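**Q** No sequence on hand, only this structure:
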C-alpha cells in the first residue's frame, strides 16, 4: 500500500486546523466561566483519587529556573516539530504503514476537537488561587503563550484531552515499533515521558488530561489497525466488504465463457480442487 498524495494530506491538515479554530470561536461566544467550573471539577476528582501532583511538580520546576525555561521551550516547539518530523519520516520511509497510522492520529484529533468544544477546561496556570504559577510569566521566558498575539491564535482552554500527551505517545509508538536505530527507539520511550512531565510541571495540563489523551490515542490506534488490517484497500470507507475472489471451476462443472469474437460458449474447467 502506497502513501496518498501530498496535496490530500495538506488538505486534511487545513480541515483539522479549521475545526480547531472553530472551537476557539465557540468558546469566546460562550465565555470562559464553564472552563473554570470544569477546572474545579477536575481538581476535585484528582484530589479524591490522589492524583493531584501538578502543584508539587510546578513548584519543583520553578526552583530550577534553567530547567523551567527549557520546559517552556519544549512545550512550545516539540509538540509540533517532533510530530511533523515523524509524519514526514513515516510518509517517506514507511509508506506501507502511513495510511493507518495517519488515520489513527486524525481520528484521535477529531474526537479531541469535540472534547475541546463540549468540555472547555482552564489549565492549572490560570488558577492563581490554587497556588499554580505560569513559568513563562514568572521567568519572562519564551513560551507558547508568551505574547498576546500567540495567545489569541490558540485555544488556551483546549486542555481535555491533552493532545500533547496523545501525539507524543503516537510518535513514541512509531519510533519504538518502526525505527531501526536503537537511539531512535530510546527516543520513542523518553519523548512521551518527558512530554507528560513538561505539561504537568508547567501547569498547562492536569493528570486526567494526560490520561484522557493517552487512552484516546491508544483507542484510535487499535480501531485504525483493525479497519486497515481487515480492509486494506479501504473498502470499509465505501460501505462494502472486501472484494470476493472468483470461485475456482472444479472438474465436471461448467460456466459460461467468451471467445474473442464475442460468441458465448460453455467450457469444462480442468482445475483441480
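**A** Yes, it's here. Keep in mind the model is a prediction, meaning the values are calculated, not measured.

**Q** so residue 141 sits right up against residue 67, yeah?
**A** No. Using C-beta atoms under 8 Å, residue 141 makes no contact with residue 67, being 11.3 Å away. For glycine as for every other residue, the C-beta is placed from the backbone atoms N, C-alpha and C.

**Q** Compare those two (neighbour count), which wins?
**A** Shown here are residue 141 and residue 67; by other C-beta atoms under 10 Å, residue 141 has more neighbours (18 against 14).

**Q** and that one, what helix or strand is that in?
**A** Under DSSP states H and E, no helix or strand contains residue 141.

**Q** which residues does it contact?
**A** With C-beta atoms under 8 Å, 6 or more residues apart in numbering as the criterion, the residues that contact residue 141 are 68-69, 72-73, 135.

**Q** would JSON lines of those with secondary structure, distance to residue 44 and pLDDT be doable?
**A** Formatted as JSON lines, those follow (DSSP: H, G, I helix; E, B strand; the rest coil; distance: C-beta to C-beta, whole Å; pLDDT from 0 to 100):
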{"residue": "68", "secondary structure": "helix", "distance to residue 44": "27", "pLDDT": "95"}
{"residue": "69", "secondary structure": "helix", "distance to residue 44": "32", "pLDDT": "94"}
{"residue": "72", "secondary structure": "helix", "distance to residue 44": "28", "pLDDT": "93"}
{"residue": "73", "secondary structure": "helix", "distance to residue 44": "32", "pLDDT": "93"}
{"residue": "135", "secondary structure": "helix", "distance to residue 44": "25", "pLDDT": "92"}
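
**Q** Going by neighbour count, list what's buried in stretch 189-209.
**A** Buried positions in stretch 189-209, judged by neighbour count with 16 or more other C-beta atoms under 10 Å: 191-192, 194-196, 198-209.

**Q** In helices, which of those residues appear?
**A** Here DSSP state H is the test, and the buried residues of stretch 189-209 give 191-192, 194-196, 198-201, 207-209 as lying in helices.

**Q** For this structure, which segments count as helices?
**A** All helices of the chain, identified by DSSP H, fall at 6-30, 33-49, 54-62, 65-93, 95-118, 135-139, 148-152, 163-178, 182-201, 207-230.

**Q** Neighbour count for the contacts of residue 141 - can I get that in TSV?
**A** Listed next are the contacts of residue 141 as TSV, based on neighbours: other C-beta atoms under 10 Å:
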residue	neighbour count
68	23
69	17
72	24
73	16
135	24
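
**Q** Just give me the closest of those to residue 225.
**A** For the contacts of residue 141, the closest approach to residue 225 (C-beta to C-beta) belongs to residue 73, at 34.0 Å.

**Q** what pLDDT does the closest residue to the closest one other than its chain neighbours get?
**A** In space, and not counting its chain neighbours, residue 73 is closest to residue 142: 5.9 Å by C-beta to C-beta, 6 or more residues apart in numbering. pLDDT for residue 142: 71.

**Q** which of the ones in helices among the buried residues of stretch 189-209 sit farthest apart?
**A** Pairwise distances across those (C-beta to C-beta) peak at 21.2 Å, for the pair 191 and 208.

**Q** quick one: low-confidence ranges for the stretch 151-273 of the chain?
**A** 151-154, 231-273 (pLDDT under 70).

**Q** hmm, try it at 90
**A** Residues of the stretch 151-273 of the chain meeting the criterion pLDDT under 90: 151-159, 227-273.

**Q** I'd like to know how many residues surround residue 90.
**A** Using other C-beta under 10 Å, residue 90 has 20 neighbouring residues.

**Q** I'd say it and residue 99 touch.
**A** No. The pair residue 90 / residue 99 is not scored as a contact, 10.0 Å apart, by C-beta under 8 Å.
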